[in-house]
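Q: sequence first, then the predicted structure:
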Amino acid sequence: MKLLVVCLGNICRSPMAEGALRARLDAAPLAGRVEVDSAGTGGWHAGEAPDRRAIACARSHGVDIGGQRARQLRPADFDDYDWLLCADADNLRDVRKLAPAARRDRAVLLLDWAGIEPGGEVPDPYTGGPEDFRRVWQLVDSAAQAVVARLSIT
Ligand code: 4NP
């Protein structure tokens, strides 16, 4: 199974979610059966490492996301990935607009799909402080744990 986490810039939320998912998957018997990547609906930060606050927050939880590089969502992603897991409702709307009709329902909200909260969103921490990044980590890591649990029984 291939999962793509999508946010706006691909430097805060989706890299943190990618890191949390990788870490939780690596610790599970699923290791190797699930591939994870992330992308942004916007391309302004393409080629950049994650925001240093996101790197620091992930590191404080024992996860290294410093090697990730941002990229923009591309049309081939709709063929290449089984699920496009969006951070918030704006991201979901933007992704669905770009999706071929037959793949549109493969774009979902991460927290919803993980079973954390119907309609739940991961708030953009970009203009916030460290506590906003900690909140993002808490949400995406809860989602990562739930995804691993879900995939382990299906
Ligand atoms: P992200 O956060 O979508 O979680 O990566 C953002 C990063 C950059 C911008 C907005 C949100 N930006 O406007 O540059």
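A: Thanks, I have the structure now.
Q: poorly predicted segments of this protein, please.
A: Applying pLDDT under 70 to the chain flags the ranges 31, 153-154.
Q: what residue in it comes nearest to the ligand?
A: The nearest approach of the chain to the ligand comes at Gly9, 2.7 Å away (Cβ to the nearest ligand atom). In this view, the C-beta of every residue, glycine as well, is placed from N, C-alpha and C.
Q: contacting residues for that residue?
A: Gly40, Gly42, Trp44, His45, Ala70, Tyr126 (Cβ atoms under 8 Å, 6 or more residues apart in numbering).
Q: out of the residues you listed, which are buried?
A: The neighbour-count test (16 or more other Cβ atoms under 10 Å) marks Gly40, Gly42, His45, Ala70, Tyr126 as buried among those.
Q: report all helices and strands that the longest helix along the chain contacts.
A: When the chain is parsed with DSSP state H, its longest helix is helix 130-152. If you count contacts as 3 or more Cβ pairs under 8 Å, 6 or more residues apart in numbering; DSSP states H and E, helix 130-152 packs onto helix 13-26, helix 52-60, helix 110-113.
Q: the shortest one and the ligand, any residue contact?
A: No: counting by Cβ under 6 Å from any ligand atom, the ligand has no neighbours in helix 110-113; the shortest distance is 11.7 Å.
Q: separation between the residue lying closest to Arg33 once chain neighbours are set aside and Asp80?
A: In space, Arg33 comes closest to Met1 once its chain neighbours are excluded; the distance is 6.8 Å by Cβ to Cβ, 6 or more residues apart in numbering. Distance check for Met1 against Asp80: by Cβ to Cβ, to the nearest Å, it reads 12 Å.
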